[in-house]
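**Student:** just coords:
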């Protein structure tokens, strides 16, 4: 029986893209538009979980879904062009392809906006699946046969483990190397710049 082809999943925010500038600008704009105080500096220190979880810190529960729709609508004009790729992002995708594998993106971000980010940056994964967080990411990882999942958050580690995939964590987001290891990451890298060499060794 032939071995299963390599498929590597990647998280998006703070793994493949540095979403802090765009998200910061979008929260400032949402605050100005709604007249509701939002500490944009604080929000970008805890990226990873779904948008509605952050909005619940600033808006009453019955307004959160409406504010999420407004944020996503504003996001396209404000955040896409403000968001750079993380160092090593393109090289990480290229390394998977060079190894004969497929690279997919599985993210909690609203899927249409995730695709806009990648298109703007010229990063072309084989599939993009959005609106999934933590253990919920396992459904996409399993569906695509991903044996490895790369992310920056303890929620990404949980998603990988729920899918039975190897958890490769990069310490470029809100979680420290120690937190990622404690969550059960199989491999912890400082950043994606270390990923191609790690993959080549594997």
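**Tutor:** Now that the structure is in, tell me what you want to look at. All of these numbers come straight from a predicted model, not from anything done at the bench.

**Student:** Name the residues of stretch 66-86 that are buried.
**Tutor:** Burial within stretch 66-86, assessed by neighbour count using 16 or more other Cβ atoms under 10 Å, is assigned to 67-68, 70-72, 74-75, 78-80, 83, 85-86. Any C-beta I mention is one placed from the backbone N, CA and C, and that applies to glycine too.

**Student:** Check stretch 47-59 too.
**Tutor:** Taking 16+ other Cβ under 10 Å as the neighbour-count basis, stretch 47-59 is seen to contain the buried residues 47-48, 50-51, 54-55, 58-59.

**Student:** Quick one: mean pLDDT over it.
**Tutor:** Across stretch 47-59, the average pLDDT comes to 97.

**Student:** Can I get the buried residues of stretch 66-86 in a markdown table including pLDDT?
**Tutor:** Rendered in a markdown table, the data for those read as follows (pLDDT from 0 to 100):
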| residue | pLDDT |
| --- | --- |
| 67 | 98 |
| 68 | 98 |
| 70 | 98 |
| 71 | 98 |
| 72 | 97 |
| 74 | 97 |
| 75 | 97 |
| 78 | 97 |
| 79 | 98 |
| 80 | 98 |
| 83 | 97 |
| 85 | 98 |
| 86 | 98 |
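
**Student:** Closest one of these to residue 113?
**Tutor:** Closest to residue 113 out of the buried residues of stretch 66-86 is residue 75 (5.6 Å), distances taken as Cβ to Cβ.

**Student:** what sits against the closest one?
**Tutor:** 22, 26, 110, 113 (Cβ atoms under 8 Å, 6 or more residues apart in numbering).

**Student:** Just the buried subset of these, please.
**Tutor:** Members of the contacts of residue 75 classed as buried by 16+ other Cβ under 10 Å are 22, 26, 110, 113.

**Student:** Residue 125: neighbour count?
**Tutor:** Neighbourhood size, residue 125 [other Cβ atoms under 10 Å]: 22.

**Student:** Tabulate the buried residues of stretch 47-59 (CSV), appending secondary structure.
**Tutor:** Formatted as CSV, the buried residues of stretch 47-59 follow (DSSP: H, G, I helix; E, B strand; the rest coil):
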residue, secondary structure
47, coil
48, coil
50, coil
51, helix
54, helix
55, helix
58, coil
59, coil
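
**Student:** Those residues: which two are farthest apart?
**Tutor:** 48 and 59 (19.4 Å).

**Student:** Farthest pair within the contacts of residue 75?
**Tutor:** In these, two members sit farther apart than any others by Cβ to Cβ. They are 22 and 110, at 12.9 Å.
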